[in-house]
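In: Coordinates for the following, if possible.
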Amino acid sequence: MMRERQVAGGGRAVEVAPDRLEGWYARFAVRNDGVRSTELTPHTVAVTAGNGVVAIASVPFGPLDAEGTVDGLAVDGLAVGPLIEHALVSRRIALLLVRRGGHSVGIARGGVVVQSRTDRHLVQGRSAAGGWSQQRFARRREGQARNALRSAADDAFEVLVPQLSEVDAVVLGGDRRALEKLREDRRLAPLFARAEPRVLDIAEPRRTVLDDAAERAVAVEITLRGS
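Out: So this is what the prediction gives:
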């Protein structure tokens, strides 16, 4: 199933699986009075339709290695072959998903998880009580959150870091604040140095969420403007 979301500044973004890209662009052309032009750069592919709608694809695991794209290549009509070929390459990807109280790490190949570790920890919600009771509750909650992040860091270090030399990319997902806290762990510096710019928005991590993230990690995100 193709995912879709609204984006800041107007427009919407869709995630398209590599094997569906060709069909997606064909339908885009039919719906929007054909395609006027395509502009390819190392990190984006922008297709302008006949009615003015623009579809901007973010190149996953860039840069796009195609002749003429280093300085930008503009051509008439639809010319997304290099993007499709790039997206269809089977890659080995390290996944790190973290939210409050839960994490999931894994190695995926071609969108399929081949190794994983998932764990959940209790982190209580906020208390409506006041005074000393609220302060004790807050300290307990902070301690639970620290323990959960420490466990996530340990699993990422044990499962992912030893395999960094064998993976093509690292994809992150979950709560950005939790990920920034993990970034402070020096053991994970090599992992975060390899991370893709895109951070997946996910539910509370569990194995099924990791499986879904493995598929989404290799999808191409296309932002539609003017639709």
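In: Provide the secondary structure category for the residue nearest to I202 when sequence neighbours are not counted.
Out: Residue nearest to I202 in three dimensions, not counting chain neighbours: G173, with 4.5 Å by CB to CB, 6 or more residues apart in numbering. Just so you know, the C-beta spots here come from the backbone N, C-alpha and C atoms, and that holds for glycine as well. Per DSSP: H, G, I helix; E, B strand; the rest coil, the secondary structure class of G173 is strand.
In: Show the contacting residues for G173.
Out: Contacts for G173 (CB atoms under 8 Å, 6 or more residues apart in numbering) come out as 95-98, 199-202, 205, 213.
In: switch to 10 Å and redo it
Out: Going by CB atoms under 10 Å, 6 or more residues apart in numbering, G173 touches 95-99, 104, 179, 198-203, 205, 209-210, 212-213, 216-217.
In: List the buried residues in the particular helix or strand that has K181 in it.
Out: K181 belongs to helix 176-183 when elements are defined using DSSP states H and E. Neighbour counts over helix 176-183 (16 or more other CB atoms under 10 Å) mark 178-179, 181-183 as buried.
In: follow-up on the earlier one: show me what the residue nearest to I202 is bridged to.
Out: The bridge-partner assignment for G173, based on DSSP bridges, gives L97, L200.
In: What of A13?
Out: Using DSSP bridges, the bridge partners assigned to A13 are R5, T223.
In: since we're on it, how many residues are nearby?
Out: Using other CB atoms under 10 Å, A13 has 15 neighbouring residues.
In: any idea how far L188 is from it?
Out: Distance, A13 to L188, by CB to CB, to the nearest Å: 28 Å.
In: likewise P18?
Out: P18 sits 28 Å away from L188, going by CB to CB.
In: Could you do T48 as well?
Out: Distance of T48 to L188, computed by CB to CB: 41 Å.
In: Does V114 belong to a helix, a strand or coil?
Out: Assigned by three-state DSSP, the conformation of V114 is strand.
In: Skipping its backbone neighbours, what lies nearest it in space?
Out: Spatial nearest neighbour of V114, excluding adjacent residues (CB to CB, 6+ apart): I107 at 5.6 Å.
In: any idea which element that neighbour lies in?
Out: Using DSSP H and E, I107 sits in strand 102-109.
In: just checking, what packs against that strand?
Out: strand 92-99, strand 112-120, helix 131-155, strand 169-174, helix 176-183, helix 207-217 (3 or more CB pairs under 10 Å, 6 or more residues apart in numbering; DSSP states H and E).
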